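Undergrad: Provided below are the primary sequence and the corresponding predicted coordinates.
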Amino acid sequence: MVFERLGRTPLDYKPVRYGTSKLTFRGPARDLSGDYVACLGGTETHGKFLDRPWPARLEEDLGLPCVNFGLPNAGPDVFLRNAEFLDFARGASAVVLQVPCAMNLSNPYYDVHPRRNDRFVSAHTRLRRLYPEVDFTEFHFTRHMMRRLASLAPERFTLLRDSLQDIWIDRMQRLMARIDRPVILLWLANHAPGANPNSTEICDDPAFVSLAMMRAIRPRAAHLTQVVISKTARELGTRGMRFSPMEESAAADLPGPLAHAEAAQALLPALRALTEA
């Protein structure tokens, strides 16, 4: 499989909304009246900088519409908060849910934006007491804040991280229960789930998600597809991706087309078993 350098031509994602929901997904619009697979997830599922993200590739092989419900930087909150969207997920023959990081959700320490879950909105009293020396008005994104807090006081940061991990388990279990359809969990990352629950790694998504957390939510899912992106795919860098000059560094941090092809192929057996049963 050969991927060329496509130059710096930004993509038209053909944004679309379904029903009366304010959520904007990648187009073109799909017909939700028949059989389809609902693909839920974050930036990777949305397919930023890619002509054909894994839902599009999966559809070609599966022969069934795979509706891209990926939202950039989505956590579980954005899906749980939108009742109409949950109806769309419940209308699917099966659901693929990309495993999100554990920092993009509202919790007793801070709130995130209801639709852009990576956007930090406000700190609660519990977080201000934990970090009295920090001016939280300087933060606009959760990852920026987490990097600062982890470097400032690792011991205190452990309390915050542990709480986020517990809440993430609860939210993911609730999301799968409310979907009430066969769910395939998709782990798509450069590494397998870590056995060390105390890792403070923030850059390598899904951040803060440990092997124990995956084991906690696994019983709710029909299947777990674990995709560790190959060395070959990682070494391709931004080949086969489309982006503006200002977006090159962001594109370099995301999986390229070969990684998405690997994800689609890995998902295919489990989805065939569910949709052809």
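TA: The structure has been received and is ready for your questions.
Undergrad: pretty sure A250 is in a strand, no?
TA: No. A250 is assigned helix when assessed by DSSP: H, G, I helix; E, B strand; the rest coil, not a strand.
Undergrad: for the helix-or-strand element of the chain with minimal mean pLDDT, give me every contacting residue.
TA: Least confident helix or strand, the chain: helix 248-252 with a mean of 91, by mean pLDDT, DSSP states H and E. By Cβ atoms under 8 Å, 6 or more residues apart in numbering, the surrounding residues in contact with helix 248-252 are 8, 48-49, 237-238, 241, 243. Any C-beta I mention is one placed from the backbone N, CA and C, and that applies to glycine too.
Undergrad: in that helix, what counts as buried?
TA: For helix 248-252, the neighbour count (16 or more other Cβ atoms under 10 Å) marks A251 as buried.
Undergrad: dump the very next helix or strand once past it to CSV, keeping only the CA atoms.
TA: Beyond helix 248-252 on the C-terminal side, the first helix or strand identified by DSSP states H and E is helix 257-275. The C-alpha coordinates for helix 257-275 follow below in CSV (Å, rounded to 0.1, in the frame of the first residue of the first chain):
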residue,chain,number,x,y,z
PRO,A,257,-4.2,6.2,6.4
LEU,A,258,-2.3,2.9,6.9
ALA,A,259,-3.2,3.0,10.6
HIS,A,260,-6.9,3.5,9.7
ALA,A,261,-6.7,0.6,7.2
GLU,A,262,-5.3,-1.6,10.0
ALA,A,263,-8.2,-0.5,12.3
ALA,A,264,-10.8,-1.3,9.6
GLN,A,265,-9.4,-4.7,8.9
ALA,A,266,-9.2,-5.5,12.6
LEU,A,267,-12.8,-4.6,13.2
LEU,A,268,-14.2,-6.5,10.2
PRO,A,269,-14.5,-10.1,11.7
ALA,A,270,-16.3,-9.0,14.8
LEU,A,271,-18.7,-6.7,12.9
ARG,A,272,-19.4,-9.4,10.3
ALA,A,273,-20.3,-11.8,13.2
LEU,A,274,-22.7,-9.3,14.7
THR,A,275,-24.4,-8.0,11.5
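Undergrad: what is helix 257-275 packed up against?
TA: Secondary-structure packing of helix 257-275 (3 or more Cβ pairs under 8 Å, 6 or more residues apart in numbering; DSSP states H and E): helix 54-62, strand 94-98, strand 183-189, strand 223-228, helix 231-235.
Undergrad: re the thing from before, out of the contacts of helix 248-252, which is most surrounded?
TA: Ranked by the number of neighbours (other Cβ atoms under 10 Å), the contacts of helix 248-252 place F49 first, at 26 neighbours.
Undergrad: next, it: secondary structure please.
TA: coil.
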